[in-house]
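Trainee: pasted the sequence and its predicted model underneath.
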Amino acid sequence: MKRMVAAIALLMLALTGIAGQDAPKSEYGLVVYKLGEKYATDKQAGETIDSLADYLDKNIAGSDFKRIGVRNKPDDALKLFQDEKNPVAVAIVSPGFYFKNKTDLKFTVLAEAQRGGKDGEQFTLVGRKEMKEYPAGKKVATTMTADLDWLNKAVLRAPDGAKPIDWVQYDNLADAGYEIIDEEDGAPDFVLVDRATLDVFGKDPDLKSLKSGLQSDLLPQDLVVEVDARLGDKRADLKKVLGALDQNEAGKKLGENLQSPKFPAADDARLEKVAKWYDTK
Amino acid sequence: MGLIVALAAFAALLVFPAACKQVSTETLHNNANKEETDVKPAEIALDATAAFDETPRTLERVRISSSMFARALEYESARSYETLWKAARTEAWIAEYSTDNVERERHANRGITYANTALKLKEGAAEATFFHGVLAGFIGDLDHDYGLDAVSNIEADMKLLMDSDTDFANGGPWRVFGVLQLRAPGPPVSIGSLRNGKKNLEKALEKAPDWPENHLYMAEAELMWASEKDKPEFKDQARERLEKYLLGADARAPAGYETEFAVWQEKARALLEANK
């Protein structure tokens, strides 16, 4: 009998030990690449992306998301995806990067950002004169010269035979607009602004004097992509959690910091439309 | 009085802030039942002001000023607008010039409570509005989670003063707002603009042409201008400015601002080093 009690006690101890251990978690590398955002770096944005990873860990059982890096230049981002020692499972990337690398890096789109709660992104040309035509050969200020394919293949496509736009990098588009207003030497002819910046221009006492002209099609915003099917059975959970980010307080705060209240499913028709432009030689 | 404006180092962190916290709107608690017995709060407040006004200022003496203000302000009878904004000024000074971030944060938070209480007594009053904005800046600088809200507070406070052309602290409103614009990201995230920042610093210099702190930040703007617009003549201009008003043999601290001047000189040297 004594031997039996001891054996049961031993068994109990062993079972308790097993129950006390955490269930094994799978690790998923997370990368963020945001074109034209000077401060999209590990130093400036790392903490916020870590808080996204923590949020995903809490809401997707058995997952352990880890930030691999935050970048703002396509070549720098590409290096992260090519590092086999630190495999990337999921990333938030600017759309130009997706279209350029979707085949080589085996991307699958899971969701799309909604900056400021708006669906899609539209760019507008603003300048001293209203320019409704493609500004052939003109100097246009933008934050996105690191990805000229995105600018030329998607944002403002040149008509056949037209002289291409001379894209000029500005980190601060307001200052580009002021250069036009102040008629500074070397000022750009136009500024290319997204919808949120266009709103700011409309409220600024000086910048509102500039005229809006040609607009891009409605384009995809930043995309959440899975790399090489590495999320496995966590894919559906991730889509669900990101799509419902605005449904709880912690998610709402995170959405504010990421400048997108939620990440719903991407608009497939929009993606296909732009993909065709990229495929056209 | 002059001083203040180290703020806005936080401004670069406004993109992807780790969290969005609101700068406190708390005021001093009602202490109507606290008896004065042999304590004379108004006299303590006067001593606190005197401790701050004695120059050259030292951290030790301004800490004493802070303790005395805290003691006096436990009593309702000492909570005049005048005492409250001066107490906020003392706290802002420590938040700027202490090298201990824990101490800086404690005093910045205490100061904003004083400023809030002063503004409750006298809405829109210049001194309290100015220090409210400055203290919000320190809070944002010390804890970046407050960054976005701090910028909103600084913008609202300084614009209120600038729109009514109310000068304070030697062009303070234009200087504070100008520095913020120099260092903050541009739209749509924030209000950054080199052009607007430089314009506001020019206005600060119009208000107080010899104030070294205005020249320090104007030199920063000129160095940025030189680099971003590829105009090296602005770099030369910045160097000459720093030499004349802060670093050269003839540069002098304004009377009573020897302590602050030494800190501005350090910043001027750091600026030159970073822009060799």
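Mentor: It's in.

Trainee: burial measure for B:Arg241, as a count.
Mentor: 20 (other Cβ atoms under 10 Å in any protein chain shown). All C-beta spots, glycine's among them, are computed from the backbone N, C-alpha and C.

Trainee: could you do B:Asn31 as well?
Mentor: Around B:Asn31 there are 13 residues (other Cβ under 10 Å).

Trainee: so what's it scoring on pLDDT?
Mentor: Note for B:Asn31: predicted pLDDT of 79.

Trainee: ditto for the one 4 residues further on
Mentor: Looking at B:Glu35, its pLDDT is 72.

Trainee: so which bits of the stretch 101-250 of chain B are right by chain A?
Mentor: B:Pro185, B:Gly186, B:Pro187, B:Pro188, B:Gly192, B:Ser193, B:Leu194, B:Arg195, B:Asn196, B:Glu228, B:Lys229 (Cβ under 8 Å from any Cβ of the partner chain).

Trainee: list only those of those residues flagged as buried.
Mentor: In terms of neighbour count (16 or more other Cβ atoms under 10 Å in any protein chain shown), the buried residues within these are B:Pro185, B:Gly186, B:Pro187, B:Pro188, B:Gly192, B:Ser193, B:Leu194, B:Arg195, B:Asn196, B:Lys229.

Trainee: may I ask which two of these are separated the most?
Mentor: The span of these, defined through Cβ to Cβ, is set by B:Pro188 and B:Lys229 at 22.9 Å.

Trainee: which of the buried ones among the residues of the stretch 101-250 of chain B next to chain A fall within helices?
Mentor: Secondary structure from DSSP state H places B:Leu194, B:Arg195, B:Asn196 of those in helices.

Trainee: just the strands in the stretch 51-200 of chain B please.
Mentor: Assigned strands in the stretch 51-200 of chain B: none (criterion: DSSP state E, counting those that start in this stretch).

Trainee: as a check, name the ranges of all helices in it.
Mentor: Counting by DSSP state H, counting those that start in this stretch, the segments of the stretch 51-200 of chain B that form helices are B:59-72, B:81-97, B:101-121, B:126-142, B:147-163, B:172-183, B:194-207.

Trainee: run through the residues that contact A:Ser212.
Mentor: Applying Cβ atoms under 8 Å, 6 or more residues apart in numbering or on different chains, we find A:Ser212 in contact with A:Thr124, A:Leu125, A:Val126, A:Glu130, A:Leu198.

Trainee: where does pLDDT dip in the stretch 151-276 of chain B?
Mentor: Counting by pLDDT under 70, the stretch 151-276 of chain B contains no low-confidence range.

Trainee: show me what contacts the closest residue to A:Lys25 other than its chain neighbours?
Mentor: Once flanking residues are discounted, A:Lys25 sits nearest to A:Asp64: 4.2 Å by Cβ to Cβ, 6 or more residues apart in numbering or on different chains. Counting by Cβ under 8 Å, 6+ apart, A:Asp64 touches A:Lys25, A:Ser26, A:Glu27, A:Tyr28, A:Asp57.

Trainee: quick one: secondary structure of A:Asp64?
Mentor: strand (DSSP: H, G, I helix; E, B strand; the rest coil).

Trainee: Three-state assignment for B:Glu240, please.
Mentor: B:Glu240 ends up helix, using three-state DSSP.

Trainee: separation between it and A:Lys211?
Mentor: Using Cβ to Cβ, to the nearest Å, B:Glu240 is found at 40 Å from A:Lys211.

Trainee: cool, B:Gly256 as well?
Mentor: In terms of Cβ to Cβ, B:Gly256 sits 53 Å off from A:Lys211.

Trainee: give me the below-cutoff pLDDT ranges for chain A.
Mentor: Checking chain A against pLDDT under 70 turns up A:1-23, A:281.

Trainee: hang on, the earlier thing: quick one, which of the helices of the stretch 51-200 of chain B gets closest to A:Glu183.
Mentor: helix B:194-207 (12.7 Å).

Trainee: please save the CA atoms from the closest one in PDB.
Mentor: Output of helix B:194-207 as PDB, limited to C-alpha atoms (Å, rounded to 0.1, in the frame of the first residue of the first chain):
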ATOM      1  CA  LEU B 194      12.000  74.500 -41.300                       C
ATOM      2  CA  ARG B 195      10.600  77.600 -43.000                       C
ATOM      3  CA  ASN B 196       8.000  78.400 -40.400                       C
ATOM      4  CA  GLY B 197      10.300  77.600 -37.500                       C
ATOM      5  CA  LYS B 198      12.900  80.000 -38.900                       C
ATOM      6  CA  LYS B 199      10.300  82.700 -39.400                       C
ATOM      7  CA  ASN B 200       9.200  82.400 -35.800                       C
ATOM      8  CA  LEU B 201      12.800  82.500 -34.600                       C
ATOM      9  CA  GLU B 202      13.300  85.700 -36.700                       C
ATOM     10  CA  LYS B 203      10.200  87.100 -34.900                       C
ATOM     11  CA  ALA B 204      11.700  86.100 -31.500                       C
ATOM     12  CA  LEU B 205      14.800  88.000 -32.500                       C
ATOM     13  CA  GLU B 206      12.800  91.000 -33.500                       C
ATOM     14  CA  LYS B 207      11.300  91.000 -29.900                       C
END
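
Trainee: just want the angle from it to helix B:172-183.
Mentor: 160 degrees (axes from the mean of the first three to the mean of the last three Cα atoms, to 10 degrees).

Trainee: relative orientation of helix B:194-207 and helix B:147-163 in degrees?
Mentor: Using the same axes, to 10 degrees, helix B:194-207 lies at 40 degrees relative to helix B:147-163.

Trainee: how about residues contacting helix B:194-207?
Mentor: With Cβ under 8 Å, 6+ apart, helix B:194-207 has contacts from A:172, A:174-175, A:178-179, A:182, B:162, B:167, B:170-172, B:174-175, B:177-183, B:211, B:214-215, B:217-218, B:221-222, B:224-225, B:228.

Trainee: can we see that at 7 Å?
Mentor: Here helix B:194-207 makes contact (Cβ atoms under 7 Å, 6 or more residues apart in numbering or on different chains) with A:172, A:175, A:178, B:167, B:170-171, B:174-175, B:177-179, B:181-182, B:214, B:217-218, B:221, B:224-225, B:228.

Trainee: domain map for the chain?
Mentor: In the absence of a named chain, chain A is used. A:26-118+A:220-279, A:124-215 (automatic domain parsing).

Trainee: not quite, I wanted chain B
Mentor: With automatic domain parsing as the reference, chain B has domains B:1-15+B:39-162, B:211-276.

Trainee: ok, the ones in helices among the buried ones among the residues of the stretch 101-250 of chain B next to chain A vs chain A, which is closest?
Mentor: Chain A has its nearest neighbour among these in B:Arg195, at 4.4 Å by Cβ to the nearest Cβ.
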